[in-house]
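Colleague: show me the folded form of this:
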Amino acid sequence: MEDLLAERGLDISYETVRRWVLKFGPLIARKLRQRRPRPSDRWHLDEMVVRIAGRRMYLWRAVDHQGEILDMLVQRRRDKHAALRLMRKLLKKQGFAPKLLVTDKLRSYASAFRRLGLSCPHQQGLRQNNRAENSHQAVRRRERKMQRFKSARSAQRFLSMHAAIHNTFNLQRHLVSRATLRIFRAEAANQWRDAVTAV
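Modeller: Numbers count the residues shown, from 1 in each chain. Model prediction:
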C-alpha cells in the first residue's frame, strides 16, 4: 500500500496503513460479504495450529467445495466444544445446513454433528479434505512474513477481513476460459472499488 501511494506522490507510514485497515477493513469486508452469492452446500472443515503470543492456538476453518471461505474461528482447544462452536456459528451465519460435510479424522467433528442433529453425510479422510488444507496456505504465508499474530483477537479480526477479500478475488482458473477470467477479474475489481467508495 505504501508503494502504491508513493507512486501517486503520497508519502505515508506503515502505521497509517495499519490504522486504515483497522478502521475501514471490517466495513469493507461486510460490504463484500453482502454482495457474495450463496455458497455451495458441500462444506470442508479443518483446523490448524497457530502460535499467537507464544501460545498454541487452533484456527478452525470452513470452506465450500469451490474454495470459498465460509467462516473461521480462533480457539484455544481442539475438542468437541470447539467444533460445536464453529458449527453453530457457521449454521447461523450461512442460514442453511450443508448436504455434505468433509473433515479429517478428528473425532470431535462427529460428536459435534451428532449433538447438533445434522443428518447430512459426513466423509472423513486425509486426502478428501485437501480443499480445506489448501485454504490454510495464506495464513502460513502471513505467519512467515509478519512474525506471527500478537493476540487471538487481532488474528480473528485480520483473518475474517482477509477471508472476505480472498473470496472476492479467488477465481477457480482451471474452470473458466481466459476471456471469462478477464470478465470476472473486472467484476471483482468493480466490487472492490464500490465497497471502498461506499465507506
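
Colleague: use CA for all of it now, contacts and neighbours both
Modeller: OK.

Colleague: list the contacts for the residue nearest the centre of the chain?
Modeller: Centroid-nearest residue in the chain, with C-alpha atoms, centre = their mean: Ala163, separated by 3.4 Å. Ala163 is in contact with 69, 71, counting by C-alpha atoms under 8 Å, 6 or more residues apart in numbering.

Colleague: tell me the SS of Leu101?
Modeller: Here Leu101 is strand, with the state taken from DSSP: H, G, I helix; E, B strand; the rest coil.

Colleague: alpha carbons of the host helix or strand of Arg115, as PDB, please.
Modeller: According to DSSP states H and E, Arg115 maps onto helix 107-116. Provided in PDB are the C-alpha atoms of helix 107-116 (Å, rounded to 0.1, in the frame of the first residue of the first chain):
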ATOM      1  CA  ARG A 107     -13.400 -37.400  16.400                       C
ATOM      2  CA  SER A 108     -14.600 -34.100  17.800                       C
ATOM      3  CA  TYR A 109     -16.400 -33.300  14.500                       C
ATOM      4  CA  ALA A 110     -18.500 -36.500  14.600                       C
ATOM      5  CA  SER A 111     -19.600 -35.900  18.200                       C
ATOM      6  CA  ALA A 112     -20.400 -32.200  17.400                       C
ATOM      7  CA  PHE A 113     -22.500 -33.200  14.400                       C
ATOM      8  CA  ARG A 114     -24.400 -35.700  16.500                       C
ATOM      9  CA  ARG A 115     -25.100 -33.100  19.200                       C
ATOM     10  CA  LEU A 116     -26.500 -30.700  16.500                       C
END
